[in-house]
Every structure is written in structure tokens, then in C-alpha cells.
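J.: quick one, structure for this:
(chains A, B, C and D)
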There are 2 protein chains.
Amino acid sequence: MQLDKVVAYHKALADPTRIRMLILLAGGERNGQTLAEKLAVTPATITHHAAKLREASLINERRDKNTIYFSLNDYFLKGNAEAALRLICRGADGTEGEENMEEELERTRASVIRHFFTKEGRLKHVPAQLKKKLIVLEHIVSHLESGRKYAEKEINEFIKPYHEDFATMRREFIMHQFMYREDGVYELNPREMWAKWQRLS
Amino acid sequence: MQLDKVVAYHKALADPTRIRMLILLAGGERNGQTLAEKLAVTPATITHHAAKLREASLINERRDKNTIYFSLNDYFLKGNAEAALRLICRGADGTEGEENMEEELERTRASVIRHFFTKEGRLKHVPAQLKKKLIVLEHIVSHLESGRKYAEKEINEFIKPYHEDFATMRREFIMHQFMYREDGVYELNPREMWAKWQRLS
DNA sequence: CATCTAATTAGATAATCATTAAATTTATAA
DNA sequence: TTATAAATTTAATGATTATCTAATTAGATG
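T.: Here you go, the predicted structure:
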């Protein structure tokens, strides 16, 4: 499991001296003594931290005569950060039980709603992640009457209490097919709504 | 300095038990005992780690009867990961060549601030144009402590030095999602939090 | 060779931290 | 009220870790 790797990565960045080393290195390569001076620590301390950063593949080294120059390894920095996010956000290795997916789904849904809406029912902000965005959109749209036809103005007024930017919101509704528009008249798309739900697992 | 926050963030993720907690929470909200069982530790340990994760704004909590349910705050997770990357190596996100736009933006911002605030830092009047209004609001709100909870009274007192009509101002904060309110308690929107110190580097 | 310089290692100390058992708090239910 | 269930706090322990000083290694140069 790559858990250890993620932990190691974060551990490497969980120290102020090491972060400051990296910040300095972002400005170009430096040798040990220079780093020690700028950070007001002994060379021994730099060696210690350099070892940790090296283990996490966050820096590279180059030797010139008696001096060793350290430099950033941005490739790993970026890669590791993304890997960590993926690990957490998508779950580890799918060991989650499949027994009651329905229950799980509803819990997730409730969690998303609670998270993104204020107690007054106002949308805090639009989720970046598609899955969550769909949940949020679905939640809002579910307060519309199905089968009824709405003028654009009505839709705007309907959205406003949820979100300031009703134009974008309206576009999202159409784009994700929660509603369809015909001759400036908007209507809920009940069938699609249901289909969307199935896709959410 | 914002360094502490970066360190704190990474420290929070620098422990296998906490990472595994987050992975579990990515599958939906869970209460303390459930987490303790699945991770084979005592509830006390979960409490300990939950506190750390809470301090780093990585999780949310909800109480239902005697049970406290934890859930992931992945919006914040993602934001911090990206912000940390930018602190260390600029342009790590593949956003090369945006320096000019960034500079331009900052110039505009400074100009707006200079124009709408007195030398003493008081707001002359609320800009009519949305874009400028947002800059002004953002500027004021940036002086609030992130992560801290404010009573309505505190918010009013905070606004007064900037603007007389604190009620309107407060409403603007909420409306434009710089803050959110829950049970009469106000809190900075985390999104703004990292947007803020991202700008500081 | 002898010497100088940069870096590393070794050992020691103090601080931080993860974990647990036991006691306590908090909120519900009877 | 009393009983119960979940969570937190407290205090202790063992492990890890950041940092230093002093000694040592590795290369370079005279």
C-alpha cells in the first residue's frame, strides 16, 4: 500500500526548517553551509534535514569539488501532492464493503448537502468535484415542480435564494440535463434526473 | 508568517492513522467508535487525531444525539495542497506565463483599495461595480482570523471601523460567500482563507 | 605528505507526539 | 431521578525527532 509513501511525503514537509530549505532552493541551488547560515542552524542540522528530504525524493544533489549543491525536485513535489489527494479523496484500495451501497450513497448525499448548504439552505459555493456538483444541482432542482413550465425570469428568481450567480447556475442545469429549454421555456427533465442518480456510484 | 500554516497542514497529514481516518471519511461520514473499530485503536485515540484534523480544518463535525459524525472537508484539502505547492515552487501547477496577468491583477487591486479607502483605512463608500465591490469586501475580510468563529456582535464591532452600516456589510459578506453563518455564528469561508495567504507569498 | 574546507557521523539532550487506561463529561432514554 | 452510550479529558509511557557539540570522513590543493 502506498500509505507509507504519502505519510513519508507529508512528514518530510512537516517541519519549518525543511520548508524554509525548500523555499530557498526554489530560488536556485545552494550548498550546505549557505543554507546553514541563512537558516541560522549548524551544518549538521542541514545534513540531517537534507537526508529526510532526499528520502522523500524532494531534492537532488550535485557535487562540485568539496561542495555539494542541493536543488529542488519539483517533479516529485507535484506528483506526490497529487497522489496524496487522490489517495484520500478516492479511497485507498476499494476495500470498502459493497453491502449497502444505497445506504452509503444516501449518507454521502446527506453529507454533501450538509457541507455545501447553510442552515438557511443557501449554497455556500459550487463544488469543484463533478459528483458533488451534481448532488448539489439535483438538490436545488428538486424543489421545482415537475411537469410545470417556467419562464426564464421565474427560474432566475427561483435560483437567487440559493445562489447569487443565477445565470451560471441556470446554464449548469441545462448542461447537466436536469432541465431542458424550448423557446425560452424551461422544464424539469424527470427521466434524466433519475438516470443521473444511477451514474453516481 | 504563513509558513506555520503550511507546516501545520503537513503535520496533520504526517501520520498514518490520520490518513486512514481521512480515507474512511472519504467514503462518507463516520462516528468516533466506528472509526476506532475500523482502525483498531481506542476512541481516545480517535478523539486525539480528530482534534488535530479539526485544527487543520480538514474535517467537519455534526452531532446527532450522543453521536458525533465526522466528515471530510476536501474542498479545504485540495486548496491547501495546491497552495503549499505554490509556496515552495511557483508555477508547479503548470500555470507558466501567468505572471503578467497576476501582476496586472494585483495592480488593479491596489488601485481599487487606494481609491476606496481613506488613509486611515476607512471605507469611503461601497463600490457600485461588482468587481470592485468584491475587491473591497475581500480586503476587509482578510483582516479576520481564519478558522475562528465570531459572534454577530463581534463581526459588527469588526466592521464598524471600516463602515458605519455594518448590517449591510455583514450581509454582503455572506451574500458573496466570504463568510458563512451557522446558528448565529460567523466564520470565514475556508476558500478565502487560503486564497488569502496564497497571495501573501 | 600535510593542510584546508565542506560535509557527515556519533552521541546527548530536550521536545514533541501517539497511544492507552481510567476518570469525567455530555446528552439521551427509561 | 437514574441509567446508558458516546466522546472527551487526564496522566503516564514509550517512541520519534530536532538540534547541538565534538569527532571524523572525503576531496582538493599546496
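J.: which stretches of chain A have low pLDDT?
T.: Within chain A, the stretches with pLDDT under 70 are A:1-2, A:74-111, A:118-121, A:129-131, A:144-148, A:176-177, A:189-201.
J.: contact residues of it facing DNA strand D?
T.: Contact residues, chain A versus DNA strand D (CB under 7 Å from any atom of the strand): A:11, A:14-17, A:40-42, A:44-45, A:48-49, A:52, A:65-66. Every residue, glycine included, has its C-beta placed from N, CA and C.
J.: of all pairs in those, which one is the farthest apart?
T.: Distance extremes for the residues of chain A next to DNA strand D: the farthest pair is A:14 and A:65 at 33.7 Å, using CB to CB.
J.: the more surrounded of the two?
T.: residue A:14 (21 against 5; other CB atoms under 10 Å in any protein chain shown).
J.: kindly confirm my reading that the more buried one is in a strand.
T.: No - counting by DSSP: H, G, I helix; E, B strand; the rest coil, one finds residue A:14 to be coil, located in no strand.
J.: now it: how far from chain B?
T.: 4 Å (CB to the nearest CB, to the nearest Å).
J.: thought residue B:4 was touching that residue, still the case?
T.: No - using CB atoms under 8 Å, residue A:14 makes no contact with residue B:4, being 11.6 Å away.
J.: all strands for chain A, in order.
T.: A:30-31, A:59-64, A:67-72, A:149-151, A:179-182, A:185-188 (DSSP state E).
J.: name the helices or strands packed onto the shortest one?
T.: When contacts are defined as 3 or more CB pairs under 8 Å, 6 or more residues apart in numbering or on different chains; DSSP states H and E, strand A:30-31 sits against strand A:67-72.
J.: so the strand it packs on, near DNA strand C or not?
T.: Yes - legend: contact between strand A:67-72 and DNA strand C by CB under 7 Å from any atom of the strand is shown at A:67, A:68.
J.: which strands and helices sit next to that strand?
T.: helix A:16-26, strand A:30-31, helix A:32-39, strand A:59-64.
J.: could these be laid out in TSV, adding distance to residue A:172?
T.: Formatted as TSV, these follow (distance: least, CB to CB, whole Å):
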stretch	distance to residue A:172
helix A:16-26	38
strand A:30-31	48
helix A:32-39	48
strand A:59-64	43
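J.: of all these, which lies closest to residue B:29?
T.: helix A:16-26 (32.0 Å).
J.: contact partners of the closest one?
T.: With CB atoms under 8 Å, 6 or more residues apart in numbering or on different chains as the test, helix A:16-26 has contacts from A:12-13, A:30, A:35, A:38-39, A:41, A:45-46, A:49-50, A:52-53, A:58-59, A:70-72, B:3-4, B:6-7, B:87-90.
J.: go again with 7 Å.
T.: Applying CB atoms under 7 Å, 6 or more residues apart in numbering or on different chains, the contact partners of helix A:16-26 are A:12-13, A:30, A:35, A:38-39, A:41, A:49, A:52-53, A:58-59, A:70-72, B:3, B:6-7, B:87-89.
J.: quick check: angle from that helix to strand A:67-72?
T.: Counting by axes from the mean of the first three to the mean of the last three CA atoms, to 10 degrees, helix A:16-26 lies at 90 degrees to strand A:67-72.
J.: and helix A:16-26, which residues are buried?
T.: Buried residues in helix A:16-26, defined by neighbour count with 16 or more other CB atoms under 10 Å in any protein chain shown: A:17, A:18, A:19, A:20, A:21, A:22, A:23, A:24, A:25, A:26.
J.: helices of chain A, start to end?
T.: A:3-12, A:16-26, A:32-39, A:43-55, A:74-90, A:101-116, A:130-141, A:152-159, A:166-175, A:190-199 (DSSP state H).
J.: hmm, the second one touching DNA strand C?
T.: Same thing as helix A:16-26. No - Helix A:16-26 does not reach DNA strand C (CB under 7 Å from any atom of the strand); its nearest approach is 10.9 Å.
J.: tell me which of the helices and strands packed on strand A:67-72 sits nearest to residue A:154.
T.: So among the helices and strands packed on strand A:67-72, helix A:16-26 is nearest, using CB to CB, at 52.8 Å.
J.: ok, residue A:61 - contacts?
T.: Per CB under 7 Å, 6+ apart, neighbours of residue A:61: A:68, A:69, A:70.
J.: most neighbours among the residues you listed, please name it.
T.: In terms of neighbour count, residue A:70 stands highest of the contacts of residue A:61 at 25 neighbours, by other CB under 10 Å.
J.: any idea how far it is from residue A:48?
T.: 13 Å (CB to CB, to the nearest Å).
J.: same check, this time on residue A:172
T.: Taken as CB to CB, the span from residue A:172 to residue A:48 is 51 Å.
J.: more crowded one of the two?
T.: Neighbour count, other CB under 10 Å: between residue A:172 and residue A:48, residue A:172 has more, with 21 against 13.
J.: what's around the closest residue in space to that one that isn't next to it in sequence, how many residues?
T.: Using CB to CB, 6 or more residues apart in numbering or on different chains and skipping the chain neighbours, the partner closest in space to residue A:172 is residue A:137 (5.9 Å). Residue A:137 has 22 neighbours, counted by other CB under 10 Å.
J.: same thing with residue A:142?
T.: There are 11 residues near residue A:142, going by other CB under 10 Å.
J.: swap in residue A:62?
T.: Count around residue A:62 with other CB under 10 Å applied: 11.
J.: run through the bridge partners of it.
T.: Assessed by DSSP bridges, residue A:62 has beta-bridge partners residue A:69.
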